Structure formats: structure tokens, C-alpha cells
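Colleague: Here is my input, please return the structure:
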Amino acid sequence: MALGIEDYAVIGDTQTAALVGKDGSIDWLCLPSFDSGACFAALLGTPDHGRWLLTPEAPVHETRRRYRGDSLVLETELHTADGVVRITDGMPVRTRWPDLARVVEGVRGHVRMRMELVIRFDYGSIVPWVRKVGNSRLRAVGGPDALELVTPVPTRGEGMTTVATFDVTAGDRVPFLLTWHPSHEHPPSPVDPVHQLAETERHWQRWADACTYQGPWREAVVRSLLTLKALTYAPTGGIVAAVTTSLPEQLGGVRNWDYRYCWVRDATLCLYALLEGGYHEEARAWRDWLLRSVAGSPDDLRTLYGVHGERRLPELELPWLPGYAASKPVRVGNRAVDQLQLDVYGELMDTLYTARRVGLPSDENAWRVQRMQMEWLERNWSQPDEGIWEVRGPRRHFTHSRVMCWVALDRAVKMVEQFHLEGPVDRWRKVRDRIHDEVCARGWNPRRRSFTQSYESDALDASLLLVPLVGFLPASDARVVATVEAIQRELIQDGLVLRYRTEAPPRVDGLPPGEGVFLPCSFWLVDALAVLGRQEEAERLFERLLALRNDVGLLSEEYDPRTRRLVGNFPQAFSHIALVDSASNLARLPSAPAEHRGGGGPGNSR
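Modeller: Next comes the predicted model:
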């Protein structure tokens, strides 16, 4: 039986990442376009398609694990009747090619260990040629990819798997180093895993020590910021939504997407989260990545990009993979890249406005790019689109999309007013006000006493919790209060917030019903309650959400209240961004997003 998604922890070197299971397994799924473009492990829970396992031969009756301090070096203690072993895992700070370093230590007694290394490339489709090189090296080559294992433990082949058995007693240290490199190059010189893990711990601890966040819930905030850093592709500054693909939003379901890309929609709140931690260098790198990626024709603005800014991300299904918990299809690529999602224009403008407001040095060409985007949006804001949830059904006039079009024009006006930039500000004001009037007339449903998912519809949508948070209407507006209350009545499951009712007609997303609660939506409710002055209620929900983190502080995209399991891709940047921002909002820190985005609204009930 596959481990639960919550049974994994992430390690990484800011160019690639791997997931470590409680059972001593590692799944290494490199991101598309990463320099290390190989796939060592195809997918969680599919060991025949790639996995590296270190575990006692005797039954394990207790497992304890933790990150070493504020780092991405993980310790897992496995307790058996014969003794206790500790496995320390990390990805050393990158030189050129990525390494996985593992050290097995004897803590107590005498434990017989077993290693199983299943190497598969290209999403499990290539079984490599594996051979021994000397007494301590094993080399695997398949197509463009090569892996080299260095360990003093003798290995042997069994059924397309490399295995080994070895004994560990108290005080022993047994090192393993697995390194990827292009198959046409010579392998790099091996490093000492014990030394590299110690240096890697110091590297991450230094980074965490620089965090300037001083509000409550600091431990959760720091771990979330470390996770965001782990999801960063350092050479470009891009931050991916998750390091996995096709982990299901419902176990056994079809809502299985590839999240190993960078979403423009995450941009503003991600910037706030980094700035809240004092990480201005990372915030600037993220802003610069965004500017480079969106440069070009404004009608080609994409919802998501590759880590280098790639725009062609064709979606493919991999029928030879069984999928996590038999959830199929397994997908790579993401067809949402070609959708029209008008809300991303609002996120782009809000991000660049925020960057200027907090004093990040601006690119001289940035405003030229923004003006081109606004000229396009002036002509096209009234189109139906696929919306924030990237629906695969017919386009609609989504209310949230229109609100974010208002945000785009509002931030363009503010940049002219506050930073003395050139632009047709009078025309932009008129378009901004026209959008505002239309949303209030067509997005508000007087019978339902709520803003609704799309114009003239009855469906509720959790994205409407953002109406006061982006400054479209003040929190005191009666329509805001009524919308929050309607969402609390109708979109709550086990105290947490659904995106919308997937089973309710009409089927807006063109997919079968069923998914978990979307964790960022619950954080948005925390923020909405906070700006409504319902602080105690907001803090109770926030504490509930913190309790959903796994034992090492990580969150996925969604949570299934029925099975009480994390579901969706993991770890999820959006969930951790929302955690940091909600902590800041609840603490009422001067730099909190609600203090700035919400402060930008019209200030009246139009």
C-alpha cells in the first residue's frame, strides 16, 4: 500500500528536489527544464518505476523524524525490536550536478538493513544499463541520463533492481551518495556525504536565521518560507507550484495535474510572503523572473510558465504509469497554459506595483511592458474566460476574473499617481470604474445575497473571499459581509472551505465531481474574517489549518476531510504562501498583505 502524501518530506538544492518517505524511501522527480532533467523516480507510490529504499529487514514498530533545526536536512529514526537506526537525507548545496546524500547511523543495538535502488529514466519508461565501476561505485546509463552510486556497501543485481544488505551497530555510519550527470560527460568526483550533510545543514540554517518575521506562529512561518525556497529554481528565480505531478485531488480520481511550473497567479502573495520574511533578494529574483517571462506580445500572457520562462508546455498522458493510489491519468505538461485567464493581468500588475511600493529596484523597461498589457486589457477585459480554477468547460464571465481586471487597472492608476509614470490615467480610471459598476450589477445576486461565481449565476465560489482583500470593496460593505457568510454556510466541509461545489449543476469545470477542500481558500477565509474584525474566529480556523500540516510542517494543495488525508500535489507553494500571509494578517503586521492590498479599495459601497 502506498504511503500517504502526508508521509513524505521534501529535500532540495534550489534546482531540483526529492521526496523522502517515512519508510526510508526516496522519490526523485526532477522538474521539467531543470539542468538535471532526468527522472529517477516516476511518481509517488509506484516503486517499480523508480525508488531508493533504505530500511531495516526486521519490522519497524516506530518511526520518528524531524528536520535538523531550520534546514532541509531530514533525520528519520526507525525503531525495531533489535535496535534503532537513523537515516539522514539531504541534497548538498549544488556545485554543478545534483547529489542525494544519505547516511545510515546506528543509534542502539544491532540492525540488519536492506537497500533497494530501482533506477528508471524518462518517467519510468527507460530501464538503464547498470554496471559496477571498481569496488565502491555503481553506474547507470540510459539515453541522455546517468546516475552514479558511491557507497562502501557491496551491491548486487536482482530483477532489474540494485540491492544490498548490511549490518549497523551503535556508533556506525554508513554513507551513500547518488549523483546525476549527463550521460555524455564524465561523472563528477564524489563528495563525502557526512561532511556535505553538515555543510548543507549550516547553509539552510544561515538562510533561516536571516528571517526577519517577528510575529506569532514563527515556527510555521519559517518552515513555510524554507519550503518556498526549496521550490525555487535559483538560476532564474522562478518558484514552482509543487515538485510533483498527478498527485490526485481525490484518491482514485481524474483531477491529476502537473504542478511543476510557475503560476503568475501566485505572484503577488508570494512576493508578500518573501518580503514578510525579509528575503528581498529572493523577492527581486521572483519579480525579475516574472518580467522576463511575460515580456512580449500582451495577448500571449500565459497563466503559467516553465522555470526558465518556457511557454510551450504541452500536456501528455503517460498510460504506462499506474498513478498514485490508482489515480489516472498521469499527466506531464499542463494544458491550462493555453487558456485565457484574465485574473492573471491583475496579479501581474499588483505584483509589480507592490515591488515598486516596497522599494525593489525597478527595471527601466518594466513600465513599458505593463503599459502594453494594460492597452490589451482595455480592449479585452469583457471577454469570458476559463477563470482562476482553470476550468475545462465552456468559458464564462467569472466574477473573480472581472474583480482582478479591476485590480489591474487600479494598480496602473496608482503607479501613475504615486510614481510619476506616464500613462493615460484618465482613460484607465474610466475603464476601472466601468468594471467596478459591472461587477456590482452582474456579479452580485440579490436573491442569493452574495457575489456569485459568474455573472447571473447562483453558484458560490471561494475566490470571492478576495473581494475585500484586494481592495475592490471595503470589508465593512454589506455585500462583502453577506458573501463571506454565504460561503461559510454553503462551501464549508468539516470546517474547511471548498473552492465551489463540483457536484452542483451546471458542471462548470467539465470534469466528474469530487475533490478535497482547497487549503488556500481556507486561509483566504482566515484573512476575510480578520479584516471583518472577527479575530478570534479567524485565529481558531488558522490553528485548525496549522494542525493539518504533516509531522514536519508541510502542506499539500488540498485536504480530504473524509479520509483525513492530504491530497493534491505536494508540497504546495500556494498553501505555504497563504499560511505566511495569513499569519501576517492575523498579527496585523504593518507589511501584511491585507494592510496594503485591501487598503487600495474605493473606500465606499458603490
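
Colleague: Could you pick out the longest strand of the protein?
Modeller: Counting by DSSP state E, the longest strand found in the chain is strand 99-118.

Colleague: Quick one: mean pLDDT for that strand?
Modeller: The average pLDDT within strand 99-118 is 96.

Colleague: same check, this time on stretch 275-286
Modeller: For stretch 275-286, mean pLDDT is 94.

Colleague: Over to stretch 520-537?
Modeller: Stretch 520-537 comes out at a mean pLDDT of 97.

Colleague: hang on, the earlier thing: who are the packing partners of the longest strand of the chain?
Modeller: Using 3 or more C-beta pairs under 8 Å, 6 or more residues apart in numbering; DSSP states H and E as the contact test, the elements touching strand 99-118 are strand 51-56, strand 83-90, strand 161-169, strand 173-182, helix 193-209. Where you see a C-beta, it was placed from the backbone N, CA and C, and this is true even at glycine.

Colleague: do you know which of these lies nearest Pro322?
Modeller: Nearest to Pro322 among the helices and strands packed on strand 99-118 is strand 51-56 (13.3 Å), distances taken as C-beta to C-beta.

Colleague: which residues does the residue lying closest to Leu100 once chain neighbours are set aside contact?
Modeller: Nearest residue to Leu100 in three dimensions, chain neighbours excluded: Leu178, at 4.3 Å (C-beta to C-beta, 6 or more residues apart in numbering). By C-beta atoms under 8 Å, 6 or more residues apart in numbering, Leu178 lies in contact with Phe40, Trp52, Asp99, Leu100, Arg102, Leu117, Leu147, Glu148, Leu149, Val150.

Colleague: Identify, from the residues you listed, the entry nearest to Trp389.
Modeller: Among these, Phe40 lies closest to Trp389 (C-beta to C-beta), at 32.2 Å.

Colleague: Give me the residue ranges of the stretch 401-550 of the chain where confidence is low.
Modeller: Filtered on pLDDT under 70, the stretch 401-550 of the chain yields the residue ranges 505-507.

Colleague: Would you mind pulling the contact partners of stretch 372-379?
Modeller: Against stretch 372-379 from outside (C-beta under 8 Å, 6+ apart): 294, 298-299, 301, 342, 345, 348-349, 405, 408-409, 412, 423, 427-428, 431.

Colleague: Would you point out the most distant pair within these?
Modeller: Val294 and Arg427 (22.2 Å).

Colleague: Between those two, which has more neighbouring residues?
Modeller: Val294 (24 against 14; other C-beta atoms under 10 Å).

Colleague: so what's the nearest residue to that one once chain neighbours are set aside up against?
Modeller: Setting aside the residues directly before and after it, Val294 is nearest to Leu301 in space (C-beta to C-beta, 6+ apart), at 5.6 Å. Residues counted as contacts of Leu301 (C-beta under 8 Å, 6+ apart) are Val264, Val294, Val344, Tyr345, Leu348, Gln373, Trp376.

Colleague: And Gly157, by the same measure?
Modeller: With contacts defined as C-beta under 8 Å, 6+ apart, Gly157 is in contact with Val130, Val163.

Colleague: What average pLDDT does whichever strand or helix holds it get?
Modeller: In this structure, Gly157 is located in strand 156-158 according to DSSP states H and E. Mean pLDDT, computed over strand 156-158, is 93.

Colleague: again, but for stretch 558-573
Modeller: What stretch 558-573 shows for mean pLDDT is 95.

Colleague: That stretch: which residues count as buried?
Modeller: Glu558, Tyr559, Asp560, Arg565, Leu566, Val567, Gly568, Asn569, Phe570, Pro571, Gln572, Ala573 (16 or more other C-beta atoms under 10 Å).

Colleague: Which parts of the protein are helices?
Modeller: Secondary structure of the chain (DSSP state H): helices at 193-209, 218-230, 267-276, 280-294, 343-357, 366-380, 399-419, 425-438, 478-490, 519-531, 535-547, 573-586, 593-596.

Colleague: Distance from the chain centre to the longest one, please.
Modeller: Think helix 399-419. Put simply, helix 399-419 sits 26 Å off its chain's centre (C-alpha atoms, centre = their mean, to the nearest Å).

Colleague: Counting by contacts, list what it packs against.
Modeller: Helix 399-419 packs on helix 343-357, helix 366-380, helix 425-438, going by 3+ C-beta pairs under 8 Å, 6+ apart.

Colleague: got the angle for the first one vs helix 399-419?
Modeller: Between the axis of helix 343-357 and that of helix 399-419 there is an angle of 30 degrees, by axes from the mean of the first three to the mean of the last three C-alpha atoms, to 10 degrees.

Colleague: Please export the C-alpha coordinates of helix 343-357 as CSV.
Modeller: C-alpha atoms of helix 343-357 as CSV (Å, rounded to 0.1, in the frame of the first residue of the first chain):
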residue,chain,number,x,y,z
ASP,A,343,-7.2,37.4,-13.5
VAL,A,344,-3.5,37.0,-14.2
TYR,A,345,-3.4,40.5,-15.5
GLY,A,346,-4.5,41.7,-12.1
GLU,A,347,-1.9,39.6,-10.3
LEU,A,348,0.9,40.8,-12.7
MET,A,349,0.1,44.5,-12.1
ASP,A,350,-0.4,44.1,-8.4
THR,A,351,2.9,42.3,-8.1
LEU,A,352,4.8,45.0,-10.0
TYR,A,353,3.0,47.8,-8.1
THR,A,354,3.9,46.1,-4.8
ALA,A,355,7.5,45.7,-5.8
ARG,A,356,7.8,49.4,-6.6
ARG,A,357,6.0,50.4,-3.4
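
Colleague: for it, packing partners?
Modeller: helix 267-276, helix 280-294, helix 366-380, helix 399-419.

Colleague: Of the helices and strands packed on helix 399-419, give the one that comes closest to His79.
Modeller: Nearest of these to His79, taken as C-beta to C-beta: helix 343-357 at 47.1 Å.

Colleague: before we move on, back to that, now render the helices and strands packed on strand 99-118 as JSON lines, adding distance to Arg544 and mean pLDDT.
Modeller: What follows is the helices and strands packed on strand 99-118, written out as JSON lines (distance: least, C-beta to C-beta, whole Å; pLDDT from 0 to 100):
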{"stretch": "strand 51-56", "distance to Arg544": "34", "mean pLDDT": "94"}
{"stretch": "strand 83-90", "distance to Arg544": "30", "mean pLDDT": "98"}
{"stretch": "strand 161-169", "distance to Arg544": "41", "mean pLDDT": "96"}
{"stretch": "strand 173-182", "distance to Arg544": "39", "mean pLDDT": "94"}
{"stretch": "helix 193-209", "distance to Arg544": "26", "mean pLDDT": "97"}
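
Colleague: Any chance of JSON lines for those, columns distance to Gly387?
Modeller: Listed next are the helices and strands packed on strand 99-118 as JSON lines, based on distance: least, C-beta to C-beta, whole Å:
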{"stretch": "strand 51-56", "distance to Gly387": "38"}
{"stretch": "strand 83-90", "distance to Gly387": "40"}
{"stretch": "strand 161-169", "distance to Gly387": "46"}
{"stretch": "strand 173-182", "distance to Gly387": "39"}
{"stretch": "helix 193-209", "distance to Gly387": "36"}
